[in-house]
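# Have a look; sequence and predicted model below, questions after that.
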Amino acid sequence: MDSSNRERVEAALAALVRENRFTIAVVFPLVGAALFVSSHEGWLPGWLAMNPALVLFGTLVMRLPLVVGLAPLVDRRVGLGLLAVTAYSYAIEYVGIHYGVPYGEFSYQLELGPMVGGVPVGLPVFFLPLVVNSYLLVSLLLPRAGRIRRTLAALAVVLAVDLVLDPAAVGLGFWAYVGGGFYYGVPLSNFAGWVLSGLIAVSLVEWGFDREALSARLRECEFALDDFVSFVVLWGAMNVYFGNWVAVALAVGLTAGLVRTDRFDFVGVGREPAEQS
């Protein structure tokens, strides 16, 4: 695709996201939460309950703002960085499933789409945005931070994200840890593993993106973090359903960070990005 066609496609997708921000960032995750609860309670027919194709479709729709927001920045270096994170995510997940490191012994209880070697083929759709969203949030909140501080802050956000995601996913039966764990069925080893895997993934993202280009894009793209909005709405709601109140508090903390970026008002009106001071 030549540059002019690429620009037209990117502009059309940006317009689509911009015109449907509330639907994508709030309605879709709320519908997803309702379907998860209905599946868990046995209110849906078997063919529809936790349907992998439906889960993947909803996830892809919610990822659209992130993909469209970053698309203009994707050159060879960024592509290599994202490809490296993708390959790493498959490798670390395979090792985790078959050898119990670094997260502890666990297994998928539901097939999240096609599986190869026990690993979902769509894993990057679930894993990669968690890391990139965390990195973008820190980039907006700490625009002048140096590389080490930015990397460590992004790692802290990644850990907070997993502390929100994992207990709800375990409650829904997406996956389970052998012997359970102290944190709503999740063992300490999982979070220790995320320190390692998160650090490597964040470092690869840091290597891939040009800081000045990323900062400029974040200033001009008001929907760049809408996928993170979807995350806190969906998984915050699921933790409320399961009564995982520590995870709910962490979701509220992530929401506070999003509010500070001034990118989404959570009422349905998209905000134009404020200039970074």
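All right, it came through fine. Residues are numbered from 1 along each chain as shown.
# Which helix or strand in the protein has the lowest average pLDDT?
In the chain, no helix or strand scores lower on mean pLDDT, DSSP states H and E than strand 115-116, which sits at a mean of 90.
# Who are the packing partners of the helix or strand hosting Leu199?
Under the criterion of DSSP states H and E, Leu199 resides in helix 188-208. Contact analysis of helix 188-208 by 3 or more Cβ pairs under 8 Å, 6 or more residues apart in numbering; DSSP states H and E lists helix 76-99, helix 123-141, helix 147-172 as its packing neighbours. C-beta here means a position set from N, CA and C on the backbone, and glycine is covered the same way.
# Give the other helices and strands that the following helix or strand past the last one contacts.
With elements assigned by DSSP H and E, the helix or strand that comes after helix 147-172 is strand 175-177. For strand 175-177, the helices and strands in contact under the criterion 3+ Cβ pairs under 8 Å, 6+ apart are strand 106-108, helix 147-172.
# Hmm, Val95 and Gly117 touching each other?
No. Applying Cβ atoms under 8 Å as the test, Gly117 and Val95 come out as separate, 10.6 Å apart.
# Who has more neighbours out of these two?
For Gly117 versus Val95, neighbours defined as other Cβ atoms under 10 Å are more numerous around Val95 (16 against 10).
# For the one helix or strand Ala14 maps to, buried residues please.
In the assignment (DSSP H and E), Ala14 maps to helix 3-19. Within helix 3-19, the residues that qualify as buried are Leu13, Ala14, Val17, counting by 16 or more other Cβ atoms under 10 Å.
# Now do the helix or strand hosting Trp235 and helix 3-19, the angle between them.
For Trp235, the host element (DSSP H and E) is helix 226-242. Orientation check (axes from the mean of the first three to the mean of the last three Cα atoms, to 10 degrees): helix 226-242 against helix 3-19 gives 40 degrees.
# Show the average pLDDT along helix 226-242.
Mean per-residue pLDDT for helix 226-242: 97.
# how about that helix: buried residues?
So helix 226-242, judged by 16+ other Cβ under 10 Å, has buried residues 226-239, 241-242.
# same thing with stretch 29-47?
Under the neighbour-count criterion of 16+ other Cβ under 10 Å, stretch 29-47 has Pro29, Gly32, Ala33, Leu35, Phe36, Val37, Ser39, His40 buried.
# which intervals of this protein have sub-threshold pLDDT?
Applying pLDDT under 70 to the chain flags residues 1, 263-277.
# Quick check, central residue of it?
Centroid-nearest residue in the chain, with Cα atoms, centre = their mean: Leu130, separated by 3.0 Å.
# my read: that one touches Asp166, true?
No. Applying Cβ under 8 Å as the test, Leu130 and Asp166 come out as separate, 11.0 Å apart.
# where do the contact lists of these two overlap?
With Cβ atoms under 8 Å, 6 or more residues apart in numbering applied, the contact sets of Leu130 and Asp166 do not overlap.
# could I have stretch 211-222 exported to CSV, CA atoms only?
Extracted in CSV, the C-alpha atoms of stretch 211-222 (Å, rounded to 0.1, in the frame of the first residue of the first chain):
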residue,chain,number,x,y,z
ARG,A,211,9.7,9.2,21.7
GLU,A,212,9.1,12.5,19.9
ALA,A,213,6.8,11.0,17.3
LEU,A,214,4.9,9.1,20.0
SER,A,215,4.5,12.2,22.1
ALA,A,216,3.2,14.2,19.1
ARG,A,217,0.7,11.5,18.2
LEU,A,218,-0.6,11.3,21.8
ARG,A,219,-1.1,15.1,21.9
GLU,A,220,-3.2,15.0,18.7
CYS,A,221,-5.1,11.7,19.0
GLU,A,222,-7.8,12.1,21.6
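# chain center to it: distance?
Distance, stretch centre to chain centre, for stretch 211-222: 19 Å (Cα atoms, centre = their mean, to the nearest Å).
# Report the buried residues of that stretch.
Buried positions in stretch 211-222, judged by neighbour count with 16+ other Cβ under 10 Å: Leu214, Arg217, Leu218, Cys221, Glu222.
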